[in-house]
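1. need coordinates for the below:
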Amino acid sequence: MRQKGTLGWLKHDVTHRGITAWLLTGALLAFYLVLYFTDWLTPIAKSLGLIHKWNLYGALYTLAIVTGGIYVIAKYRDNRYQVIRTSVVIFVQSTLAFSVPYVLELFNQPAVYLSYLWPLEISILYPKNLASAPVYFAVWAVVGSILIAPILGIFYGKRWYCSWVCGCGGLANTAGEPFRHLTPTSQGWWNFEKYAVHITLVLALLTTGLVGASYLIGPEQSPVLASYANSLQSWYGLLVVTILSGIVGVVLYPIGGTRVWCRNFCPMAAILGLVQKFGRFRIRVKDDMCISCGMCTTYCEMGIDVREYAQNNQDFTRAACVGCGLCEEVCPRGVLHLENEWDRDPQESLTMGALLEESYK
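-> Down below sits the predicted model:
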């Protein structure tokens, strides 16, 4: 509901695609273009005692998560799950994603980001980077990406990472909280999402495999393979890492909702979403209690029509769901509940062949 007064108008306008929302989008776009394609921020960073512009960006990113996190904790202070989850997000970003790599750089050590795993951070499994990384980080990169991440996905769903650890999701669930209701829920967007996110995953797998093969065989023995690997690596870095993840993923908050990257393009989300379909996580629906208010669907940052499941008394596991728990929080009748249980309906069992078709239903 729009509040009276200038501040009330501004709050409504910026969170409902008004002129101020478009101006904010333009300002964010300008900032990211300057960040990625110029060195204009480097002098500012050094004047603040930072090493380079990425330290400045990390500080601003962390500040946004901390400030937004305090807002979210205050807003949902009666919800233990939201308070703990948001507190963990703030802690992970402040330490593993910012302070630890910054301190390592101060001591002339490689900056390692322990909160990012492959394929979200695709470069950590490139053989050249593994060979030059500290042993503890190389081990963590391989074991964390290939074993720990999917195993935790089976037991706790993708929420353990997407809503508790990941910096992209952390920004969405804190600073992006006022914009979560802008996420599109149409069938067209769902059709785009289920193809786009898996295409990005295939590109990540192909890029990693090609770069790895080129390194192991050697550029001298196979210059053509090395050329293709270098080209694909460069294009993936520009299109996926820089444009989709770095720019689009944040710039579109005020007009497109907070999880544009996570929902449509993140290869990590695609993998964990597929794993989630096999695992224990699901949303339980209490029978015959839904009043069709639509609050759950409105506040789903992944564009899932939660109300349809609630109306049909249908427990569900959607590959897109990040387990943020806001649908449960905003439901006025307590119809929804996030669970980790093995006792699934036999009709929900999926073969691998059916999984790819059904994963985003």
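
2. going forward, measure contacts between C-alpha atoms and count neighbours the same way
-> Noted.

3. can you pull the pLDDT of the nearest residue to S94 once chain neighbours are set aside?
-> With Cα to Cα, 6 or more residues apart in numbering as the criterion, S94 has its nearest non-adjacent residue at 6.1 Å, and that residue is T62. pLDDT for T62: 98.

4. next one: G5
-> At G5, the pLDDT value in this model is 67.

5. what does the helix or strand containing L63 contact?
-> Under the criterion of DSSP states H and E, L63 resides in helix 53-75. Defining contact as Cα atoms under 8 Å, 6 or more residues apart in numbering, one finds that helix 53-75 is touched by 35, 39, 41-42, 44-46, 50, 82-83, 86-87, 90, 93-94, 98, 102, 170-171, 173-177.

6. and for stretch 273-291?
-> Residues outside stretch 273-291 that contact it (Cα under 8 Å, 6+ apart): 150, 153-158, 307, 309-311, 313-321, 333, 335-342, 349-350, 355-356, 359.

7. look at the residue nearest to R77 when sequence neighbours are not counted and give its secondary structure.
-> The shortest distance from R77 to any non-neighbouring residue, by Cα to Cα, 6+ apart, is to V83 (6.1 Å). State at V83, reduced to three classes by DSSP: H, G, I helix; E, B strand; the rest coil: helix.

8. didn't V83 look like it was pressed against W164?
-> No. Contact criterion Cα atoms under 8 Å: V83 and W164 do not qualify, at 11.3 Å.

9. the two - which one has more neighbours?
-> W164 (24 against 18; other Cα atoms under 10 Å).

10. relative to V224, how far out is the residue nearest to that one when sequence neighbours are not counted?
-> Nearest non-adjacent residue to W164, counting by Cα to Cα, 6+ apart: V89, 5.3 Å away. Counting by Cα to Cα, to the nearest Å, the separation of V89 from V224 is 44 Å.

11. out of these two, which sits in the more crowded spot?
-> Taking neighbours as other Cα under 10 Å, V89 and V224 compare with V89 leading, 25 against 12.

12. tell me who's in contact with that one.
-> V89 makes contact with S163, W164, V165, C166, G167, G170, according to Cα under 8 Å, 6+ apart.
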